[in-house]
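**Student:** Quick one, structure for this:
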Amino acid sequence: MTNISLKQWMAKSLQNGHQIAKLQNILIKTGFTKEEVEKELTDAAPYIETLEKMHAKIFRRESLLKTLDYHLRGLPSYLAIEKVKLPPFEQFLEEYYYPNRFGVFSNVLDNCEAKHWTPRMLLNKVGTDTIVQMQSGKTGQYGVQYDKQVKFSDFISMMEATIPSDYFYIIGDNYDFNHSAFAPLRKEIEDIGDGYFVLEDKERNKQFFFIGPESTTTTLHYDNADILFIQVYGRKHVLLIPAMQVPYLYNNSDKYPRNGDFGAWAPDPERYPNVSHVTPIEVDIGPGDALFIPVGWWHHITSLSASISVRCTNLKGGKAPRKALLD
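**Tutor:** Modelled structure (predicted):
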């Protein structure tokens, strides 16, 4: 083990809550002398103290989240799946947005032209020769390394001809409705209900477009924004995990669980015993439905058929100064 590797291993072990005495024993068993171990720990003492304080802070916060999750489980509404007609916006704020409670809504597109969208209809609206960017050949999480330019007509032909596949997909990271390729569609899904969205120009880039074949997936993750996920065409299966249950998810890489092991929600219970405390919620959504995914809630999404969806993060947000609190 190189000196740098040793320091990285020590830092990771301390971050995970291992005690100094345990580290000493492990290092001596692997061939380091007692003197070498004591010198390394002495040199690292200031960093060890900082890491121990950081771990204590994380432990206290995770304990609080576990307690809040325990209390919320006493509410029938916390994990219950109940599809209701899209409520008036003020009711939505009080019953879903402010309590950080997920919701499944129907009749969302009743007053929108978007309710008529099909892949072929979008081809006519966007244009057969319009060049679009898609994700192609991904092997895990989406990323710019998978971006590929194609004609929209070629993309639609691939959708119609392919067997179920996660090989190609146009996702929100590729396009919002401000992009010239899909700007003509914006007016057809600009707002819903009695006015849910902020419509100023600077907020219009917070509505994102998804289109792809059956079996496309979005791996388990959370977002730092409240999402209204609108299903326009086809069906999707969504797995949700409450934000308060993050202490059980071995989260160590920003907004994804450890090493992608949970990507399809199939963690090994022997390797990750804490997942036994997780209460995943599973729901299917179809044309005209919407799913409210509160900020911090984990979600994994799979297309059950060819699908068109819109992810909206420009909810009005009521009167709560959330941005000021999070800055």
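**Student:** residues of the helix or strand Q91 falls within that come out buried?
**Tutor:** Taking DSSP states H and E as the criterion, Q91 maps to helix 89-92. Counting neighbours by 16 or more other Cβ atoms under 10 Å, one finds that the buried residues in helix 89-92 are F89, F92. Every residue, glycine included, has its C-beta placed from N, CA and C.
**Student:** so what's L123 scoring on pLDDT?
**Tutor:** For L123, the pLDDT comes out at 92.
**Student:** just how off-centre is the longest helix that the chain contains within its chain?
**Tutor:** The helix spanning the most residues in the chain, taking DSSP state H as the definition, is helix 45-72. Distance, stretch centre to chain centre, for helix 45-72: 23 Å (Cα atoms, centre = their mean, to the nearest Å).
**Student:** tell me what it is packed against?
**Tutor:** When contacts are defined as 3 or more Cβ pairs under 8 Å, 6 or more residues apart in numbering; DSSP states H and E, helix 45-72 packs onto helix 3-15.
**Student:** Show me which residues of the next helix or strand after the helix it packs on are buried.
**Tutor:** Of the helices and strands lying after helix 3-15 in sequence (DSSP H and E), the nearest is helix 20-29. Under the neighbour-count criterion of 16+ other Cβ under 10 Å, helix 20-29 has L23, Q24, L27 buried.
**Student:** pretty sure the first one is touching K12, no?
**Tutor:** In other words, L23. No. Counting by Cβ atoms under 8 Å, L23 does not reach K12; the two are 10.7 Å apart.
**Student:** mind listing what A181 touches?
**Tutor:** V126, T130, I131, V132, F152, Y175 (Cβ atoms under 8 Å, 6 or more residues apart in numbering).
**Student:** got any ranges where the stretch 201-327 of the chain has weak pLDDT?
**Tutor:** Applying pLDDT under 70 to the stretch 201-327 of the chain flags the ranges 201-205, 252-265, 318-327.
**Student:** And the strands in it?
**Tutor:** Using DSSP state E, counting those that start in this stretch, the strands found in the stretch 201-327 of the chain span residues 207-212, 217-221, 227-233, 236-241, 251-253, 256-257, 281-285, 290-293, 298-303, 307-312.
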